[in-house]
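Return atomic coordinates for the entry below.
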Amino acid sequence: MRFQAGDHLVDVVVDIDRFELSVTTFLPGITADTIDFAHTLLEPDHIDATRSRLILAIQSFVLHAGRRTILLDSCVGEEKERRLIPDFHRRARTDFLDGLARIGVPAESVDVVFCTHLHIDHVGWNTRLHDGRWVPTFPNARYLTGRREFEYWQRQDHETNSDAVQLPGFEDSVLPIFEAGLLDLVDDGYELAEGLTLLPLPGHTPGQLGVRADGRAPAVFCGDAIHTPVQVLNPELSTNGTVDMLEAARVRRALLENAVDNDLLIVPAHFRGARRMRVVRTGSGFVPHFPPKH
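This next block holds a predicted model:
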């Protein structure tokens, strides 16, 4: 799939197209009314309300920014120890790198890998296993992530009561890049390329950063500030893996307001179907509007 964001073309490369989660576990506090509303608007791409399951994709966005090829988020990867999430555990012979090659982006042609935050489904392809070592998957790229985000996970790596689900991704997919001298720590306002500026979207993690694409088709790549369009219907719903649920809800509502006021295309990390949306204000809040699939 290809679309335009700002003045740049974007390709979608999918690692896992259908990853299911329990609605009520993943979105604590969700009501039956919201599930019924979602059933009406969001099936079959985003929810199976009868089974009470959310359906997410895990994917990367490739931005073609002049002479620079930028990969946003690097998904799950292969051969990673992920015992707490069986769908991610020791995956092998996947199609992700072949998918990149099919759109004319072999691994060695990637110039920048930007991770919006450092959860395991956003960093996995940073590294691959070679002769028992984790080595960079994209050998000619600089890897970028938020300074605040990296420092948070550095502290987690030294705590006894750390995040057992997410910390393995830091250890096998981020630290090897850092130790190889390939990781650049950046702050909000940093420009990935002309017209592509980082903006703070904290809450889900302390240092999550999104990408604002300015130009003919203004857009925001918002990472996990919005996981599912159910959160458009009720922006107060934060996910169970969120560090600061109130901050995440505040950031999400501000993002939706901005999308309406400035006619922004919003590109969350995990939407299936059209992979992106515009936002329409209603009397009671917001609803997503999905462009036609191509």
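
wait, is residue 232 part of a helix?
Yes. Residue state for residue 232 (DSSP: H, G, I helix; E, B strand; the rest coil) corresponds to a helix.

Leaving out chain neighbours, which residue sits closest to it?
Leaving aside its sequence neighbours, residue 232 sits nearest to residue 288 (C-beta to C-beta, 6 or more residues apart in numbering; 4.7 Å). Bear in mind the C-beta positions are built from the backbone N, C-alpha and C, glycine included.

In the sheet, which residues pair with that neighbour? Tell me.
For residue 288, the residues forming beta bridges with it (DSSP bridges) are residue 279.

which ones are touching it?
The neighbours of residue 288, taking C-beta atoms under 8 Å, 6 or more residues apart in numbering as the test, are 41, 42, 229, 232, 233, 277, 278, 279, 280.

ok, 6 Å please
The neighbourhood of residue 288, defined by C-beta atoms under 6 Å, 6 or more residues apart in numbering, consists of 229, 232, 277.

any idea how far it is from residue 123?
The spacing between residue 288 and residue 123, counted by C-beta to C-beta, to the nearest Å, is 27 Å.

To what extent is the closest residue in space to residue 111 that isn't next to it in sequence buried, counted in neighbours?
Ranked by C-beta to C-beta, 6+ apart and with sequence neighbours excluded, the top spatial neighbour of residue 111 is residue 68, at 4.7 Å. Other residues within reach of residue 68 by the criterion other C-beta atoms under 10 Å amount to 15.

and residue 128, helix, strand or coil?
strand.

Quick one: residues contacting the residue lying closest to it once chain neighbours are set aside.
In this structure, residue 128 finds its nearest non-sequential neighbour in residue 137, 4.7 Å apart by C-beta to C-beta, 6+ apart. For residue 137, the set of contacting residues under the criterion of C-beta under 6 Å, 6+ apart consists of 107, 125, 127, 128.

What of residue 185?
Residues in contact with residue 185 (C-beta under 6 Å, 6+ apart) are 147, 150.

and with 8 Å instead?
Counting by C-beta under 8 Å, 6+ apart, residue 185 makes contact with 144, 145, 146, 147, 150.
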